[in-house]
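[1] Would you be able to build a 3D model of this:
(2 chains)
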Number of protein chains: 2
Amino acid sequence: MALPRLDEPQLRQMWTELGVDLDLHDRLLAASHRSHARTHDWQGGRPDTIRLFDEAAFDSHGQRVAEILEHRRAGGKSIGTFCIYVPDEIALAAGVLPIPLCGGSGWSVDYADKMLPRDICPLVRSTFGMALSKTCPYKTLKDFAVGETTCDAKKKTWDLFGFRVMEVPQKKQDVDRELWLEEVRGFREQLEELSGQRVTKERLRDSIKLVNRRRNLLREVNELRKLDEPPISGIDALLVSQAALSMDLERFNSCGQALLDELKKRAGMGVSAYPDNGGTRVLLAGSPSPMGHAKIHYVTESSGMRIVADESCTGIRYYRDTVPEDLETVGEMISAVADRYFRIDCACFSPNSERLENLKALVSDFRAGAVIHNILQYCHGYDIEANALDKTLREMGIPSLKIVSDYSEEDEAQLRVRIEAFGEVVGQGTS
Amino acid sequence: MALPRLDEPQLRQMWTELGVDLDLHDRLLAASHRSHARTHDWQGGRPDTIRLFDEAAFDSHGQRVAEILEHRRAGGKSIGTFCIYVPDEIALAAGVLPIPLCGGSGWSVDYADKMLPRDICPLVRSTFGMALSKTCPYKTLKDFAVGETTCDAKKKTWDLFGFRVMEVPQKKQDVDRELWLEEVRGFREQLEELSGQRVTKERLRDSIKLVNRRRNLLREVNELRKLDEPPISGIDALLVSQAALSMDLERFNSCGQALLDELKKRAGMGVSAYPDNGGTRVLLAGSPSPMGHAKIHYVTESSGMRIVADESCTGIRYYRDTVPEDLETVGEMISAVADRYFRIDCACFSPNSERLENLKALVSDFRAGAVIHNILQYCHGYDIEANALDKTLREMGIPSLKIVSDYSEEDEAQLRVRIEAFGEVVGQGTS
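    The predicted model follows:
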């Protein structure tokens, strides 16, 4: 998209037109920028091209909104999504732009009190806190929202707001796979109806390739974290994943390629993202960290550890699997898309044995010496499942620490004490 | 069952054999008895036959355990269940005794800390707190446990403990109904395998009749609460529902008949369960109140209101629907059983519009002047859905109050202030 960059007065004009409460929105942006600077800028060894992703974070309420507004003014359709289960490939093939809307800002959480209980997860509350406080510029930038049934809090919130809902089954039997395929087919029909554009073989193959490319770039970037000296930190790898969900797809693919090129060069020269220490290699497992939320990453890495892998929806769960690109018919492709999403090892499944297997492989592939469970408070699925993971980790001799937290900054000092203590114990064990 | 009543030494002998920690169990029983007396015995107008159900509550860790032990010693099979979605009719037809195990004791909640997070619902924590503290005499009295996927906390807890899991779908489309029928069929196969006993037409018809009888008795008892002067209080109607899930089925059906006879007599003579006041008629909606938990009922009725209907799994959700008794083939019956359970309007469904319709009818049929949402803390489904119900209630001009609480006694005074204030406001509106 070749939209010229909007200046501040133009942005404010746009926000006003979109029904945004400018005063409150200024405060949200100030809080977000301060939080981003605090959690990211202290790092010594950032790659140069990471600024493209810093920019994407800042643009997420500005230039990106303008792009989508432009898309819609030109007759384009768009939907809001809240979960990596909603298949981008199919939306794009129907000419519909999917906009991931999960909130990561601690600032907006309490505004959700108007409609939602206080004891549901901060992700849902942050997202709807923005909508309810008129600080979400995307509110009118979608034809409808598509939720899913991955957890109780999300499922019932979608109902409250009258969203369309895709049913993610809860087991992985044949009959569940059938149900999911039906849902994916229904999703296709809904979006074709919305855009008036058929999902053809050519369009679907193109969108599969585009989305695969995004996932493959993320995979290649993250693979470099396997090195003794990772050329990108855990905090910045998270930022790239977060940006992947917010940026224009083609733009992400080009920025991702630039980053990958730089990281490969750094890797070749042995340049580390961690100039000052050789801390324990940590795998972070559990709940997602949407854009705005990097607290656990920040505390962990500023405590001297290195996060080398993210076992989350803002990590490997998003990019692990791709869809075959050599299929012939639309039916085959839809089925392959459904299968790709059905493989995601979200804690919403019972049993979720694939996650245990994947975890074992991850710990070993990324040579993690410790695991931190990064659990969003009231995320019952990942919280309870951490216990099952620990059994596997104990068998592998891998120590773990469970952190249950939210998007606020209030518990940061407390978390730092626990995480530093864990780092010391683990560091002694491995040195 | 004609098992002679065990005396105290015999009970202690049995508990020891079942691996129960006697000292802790004494404390649990003392807490349960004290709680039962406090929440039930203050009432002035209880029917005489209600003592049968008081007794069932006291027997639930004693004589009832002995009955099940006897059943198992004679070669009988049994399974543990935690939800009214697990179809009793089929278990019984396969010669397997289903034992509902949901805990309602506040005493055991904290013992769950060993394996479960603190911020999941007290029902799950109470149940597993008993198991983990060795105060659940049923622990070894089952061949296996059958969980379901109605909420995140339960679903993931079953995984942790390796239970079999029935998948309750999350939507009510045709494909979901198919999935559920598959699950019910699979349940039948599992139980036939366990008992070595085929589910025949005759056996299934008999068990359908037996379970229908239990539901019909509950319905008839509860229908009498529609009267201007209900012959049974809300607290005692809850006790009867709780006992229905704990007692031997035939014994419940005979005690239920005795109660119904007495209540009909009282109704004929205009004898009220509420001799001292004419308080607002309240419908209690939301989470279940398993045996041991009557706090909200107690506070509400001792604050001068009358609970005339329970919109919960320990209320109408359990007894509303029955299974046709005139079907010819096992296949038809299995299908009808599946349909009966699929109609339950649990908040686990998206959307759950049937619940709104059912609520409207209930409020009007039972002439409720107010609704209290009785939400177990961290029960995200009912908590969030309360908001949707309130919209409907506002349209009907029915005031509502949302109470989110757990099994502890600590918040009772606080709840009383809120509930009394609500009662005063509502009472003024209707007088």
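
[2] which residue ranges form the helices in the stretch 201-350 of chain A?
    In the stretch 201-350 of chain A, the helices defined using DSSP state H, counting those that start in this stretch lie at A:201-223, A:234-244, A:249-269, A:295-302, A:316-319, A:330-342.

[3] Of those helices, which is nearest residue A:37?
    Nearest of those to residue A:37, taken as C-beta to C-beta: helix A:295-302 at 11.1 Å. All C-beta spots, glycine's among them, are computed from the backbone N, C-alpha and C.

[4] which other residues reach that closest one?
    If you take C-beta atoms under 8 Å, 6 or more residues apart in numbering or on different chains as the criterion, helix A:295-302 is touched by A:38-40, A:42-43, A:233-235, A:238, A:274, A:282, A:284, A:289, A:307, A:372, A:374, A:403, A:405, A:407, A:409, A:412, A:415-416, A:419, A:423.

[5] Contact partners for residue A:347?
    A:355, A:381-382, A:384-385, B:156.

[6] So which of these wins on neighbours?
    residue B:156 (30 neighbours; other C-beta atoms under 10 Å in any protein chain shown).

[7] which SS class is that residue?
    Using DSSP: H, G, I helix; E, B strand; the rest coil, the structure places residue B:156 in helix.

[8] do you know how far it is from residue A:284?
    20 Å (C-beta to C-beta, to the nearest Å).

[9] Could you do residue A:71 as well?
    Distance of residue A:71 to residue A:284, computed by C-beta to C-beta: 34 Å.

[10] more neighbours, the two?
    Neighbours per residue, other C-beta under 10 Å: of residue A:71 and residue A:284, the larger number sits with residue A:284, 26 against 18.

[11] Assess the claim that that one and residue A:374 are in contact.
    Yes - in this structure, residue A:284 is within contact of residue A:374 by C-beta atoms under 8 Å, at 4.9 Å.

[12] Give me the residue ranges of the stretch 301-431 of chain A where confidence is low.
    A:429-431 (pLDDT under 70).

[13] Kindly report the residues of it close to chain B.
    Proximity of the stretch 301-431 of chain A to chain B, by C-beta under 8 Å from any C-beta of the partner chain, involves residues A:347-348, A:350-352, A:377-378, A:380-381, A:383-385, A:387-388, A:404.

[14] which ones among those residues are found in helices?
    Within those, residues falling in helices by DSSP state H are A:380-381, A:383-385, A:387-388.

[15] What parts of the stretch 51-200 of chain A come near chain B?
    A:115-117, A:119-120, A:149, A:151-153, A:155-160, A:165, A:167-171, A:173, A:175-176, A:178-179, A:182.

[16] Now which of these would you call buried?
    A:115-117, A:119-120, A:149, A:151-153, A:155-160, A:165, A:167-171, A:175-176, A:178-179, A:182 (16 or more other C-beta atoms under 10 Å in any protein chain shown).

[17] quick one: contacts for the most centrally placed residue in chain A?
    By C-alpha atoms, centre = their mean, the mean C-alpha position of chain A lies nearest to residue A:314, the distance being 3.1 Å. Shown in contact with residue A:314 (C-beta under 8 Å, 6+ apart): A:238, A:241-242, A:245, A:288-290.

[18] about what we covered before: overlap in contacts of residue A:284 and residue A:374?
    A:296, A:312.

[19] count of neighbours near the closest residue to chain B within the stretch 201-350 of chain A?
    Per C-beta to the nearest C-beta, the residue of the stretch 201-350 of chain A with the smallest distance to chain B is residue A:350, at 5.0 Å. For residue A:350, the neighbour count with other C-beta under 10 Å is 24.

[20] Can you give me the separation between it and residue B:166?
    10 Å.

[21] Same check on residue A:135?
    43 Å.

[22] Residue A:244 too?
    Between residue A:244 and residue B:166 the distance, using C-beta to C-beta, works out to 37 Å.

[23] Tell me the backbone dihedrals of the nearest residue to residue A:14 once chain neighbours are set aside, please.
    Excluding its sequence neighbours, the residue lying closest to residue A:14 (C-beta to C-beta, 6 or more residues apart in numbering or on different chains) is residue A:66, at 6.1 Å. For residue A:66, the backbone dihedrals (degrees, to the nearest 10) come out as phi -60, psi -40.

[24] my guess is residue A:66 meets residue A:12, correct?
    No - between residue A:66 and residue A:12 there is no contact under C-beta under 8 Å: 12.0 Å.

[25] neighbour-wise, which of the two wins?
    residue A:66 (19 against 16).

[26] Tell me, how many residues neighbour residue A:251?
    Under the criterion other C-beta under 10 Å, the count of neighbours that residue A:251 has is 16.

[27] ok, so what distance separates it from residue A:53?
    11 Å.

[28] Do you know the pLDDT at the closest residue to residue A:186 other than its chain neighbours?
    Excluding the flanking residues, the one nearest residue A:186 by C-beta to C-beta, 6+ apart is residue A:166, at 7.8 Å. If you check residue A:166, the pLDDT there is 98.

[29] if I read this right, residue A:166 contacts residue A:148, doesn't it?
    Yes - between residue A:166 and residue A:148 there is a contact under C-beta under 8 Å: 4.7 Å.

[30] what's the overlap in contacts for the two?
    Common contacts of residue A:166 and residue A:148 (C-beta under 8 Å, 6+ apart): A:85-86.
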